[in-house]
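Q: What follows is a protein structure lacking sequence information:
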């Protein structure tokens, strides 16, 4: 008999809380899901622990995280880790596969020291005037000490695809800390609870390609998403979003296909701050 898959473990396994992630604005717990001999680490965000927001209906953030995963899966981009809605120790909530990162206490290489010669992170704050090769400058600002800094991100295809994804899901909170590089080298995005609103709310640190054309390979995936929105995907999203929000997603997809250029930050406060 084959062992259960990670998805089965997350869906059917017993959730045990290991600790709380206190940097999160909503109640967020690191858990173990166990089914038989299989254990998978995950993040659990109970609906009961969601902080009220003025512009998003109460109790909808977990469902938006699930909906963002469904869009990511439909695009075939594997940006959002496997995400479900299920019952847990504090009631129904979002459960998402933990992203193993180099140096994490949960990974085998946790004891390895940081590389002192490593370059900037994919998204970083650097001293003003310092722009490494392969990076794009986004914003001039001041750090907590009052020194001038520049918000930068890598000119990386993995981030470029994530920037397109954020446009499609209308992500209102793409911070640098929501972009994770796993031990497998893949770049994933987390914390999509404030996304998929029907009104324009795009706020992101990934503005490096503003005004630039979208490549044909990416557009082909977006066209595939449009086709899927005419079928079962719309029904799946309708379990977590209003009909108006699903229609707005469809409209954003069509807009990008009709005008394949990345939007520019012409709104008030287009970058979430702090950026990490």
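A: Okay, I see it. Predicted model only: the values in this text are computed from it and were never measured. Numbers count the residues shown, from 1 in each chain.

Q: alpha carbons only for contacts and neighbour counts from here, please
A: OK.

Q: which residues does residue 158 contact?
A: Going by Cα atoms under 8 Å, 6 or more residues apart in numbering, residue 158 touches residue 187.

Q: can you give me the strands for the stretch 1-150 of the chain?
A: 14-20, 29-35, 38-46, 83-86, 93-97, 123-127, 135-142, 148-154 (DSSP state E, counting those that start in this stretch).

Q: Sheet-wise, list the partners of the fourth one with their directions.
A: According to DSSP bridges, strand 83-86 forms sheet pairs with strand 93-97 (antiparallel).

Q: How about the second one?
A: Taking DSSP bridges as the criterion, strand 29-35 forms sheet pairs with strand 14-20 (antiparallel), strand 38-46 (antiparallel).

Q: okay if I get those strands as JSON lines plus distance to residue 217?
A: Listed next are the strands paired with strand 29-35 as JSON lines, based on distance: least, Cα to Cα, whole Å:
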{"stretch": "strand 14-20", "distance to residue 217": "39"}
{"stretch": "strand 38-46", "distance to residue 217": "32"}
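
Q: Same list, those strands, but as a markdown table with mean neighbour count and mean pLDDT please.
A: A markdown table is the format used below for those (neighbours: other Cα atoms under 10 Å; pLDDT from 0 to 100):
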| stretch | mean neighbour count | mean pLDDT |
| --- | --- | --- |
| strand 14-20 | 16 | 94 |
| strand 38-46 | 23 | 96 |
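
Q: of all the ones you listed, which lies closest to residue 56?
A: Residue 56 lies closest to strand 38-46 among the strands paired with strand 29-35, at 16.4 Å (Cα to Cα).

Q: Could you list the residues in contact with the closest one?
A: Against strand 38-46 from outside (Cα under 8 Å, 6+ apart): 3-4, 6, 9-10, 26-34, 62, 88, 90-98.

Q: before we move on, back to that, take the strands of the stretch 1-150 of the chain and lay them out in a markdown table including distance to residue 234.
A: Below are these laid out as a markdown table (distance: least, Cα to Cα, whole Å):
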| stretch | distance to residue 234 |
| --- | --- |
| strand 14-20 | 29 |
| strand 29-35 | 29 |
| strand 38-46 | 24 |
| strand 83-86 | 17 |
| strand 93-97 | 20 |
| strand 123-127 | 33 |
| strand 135-142 | 35 |
| strand 148-154 | 33 |
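
Q: What's the separation between residue 196 and residue 238?
A: Counting by Cα to Cα, to the nearest Å, the gap from residue 196 to residue 238 is 12 Å.

Q: Could you pull out the residues contacting both of those two?
A: With Cα under 8 Å, 6+ apart as the test, residue 196 and residue 238 both reach residue 246.
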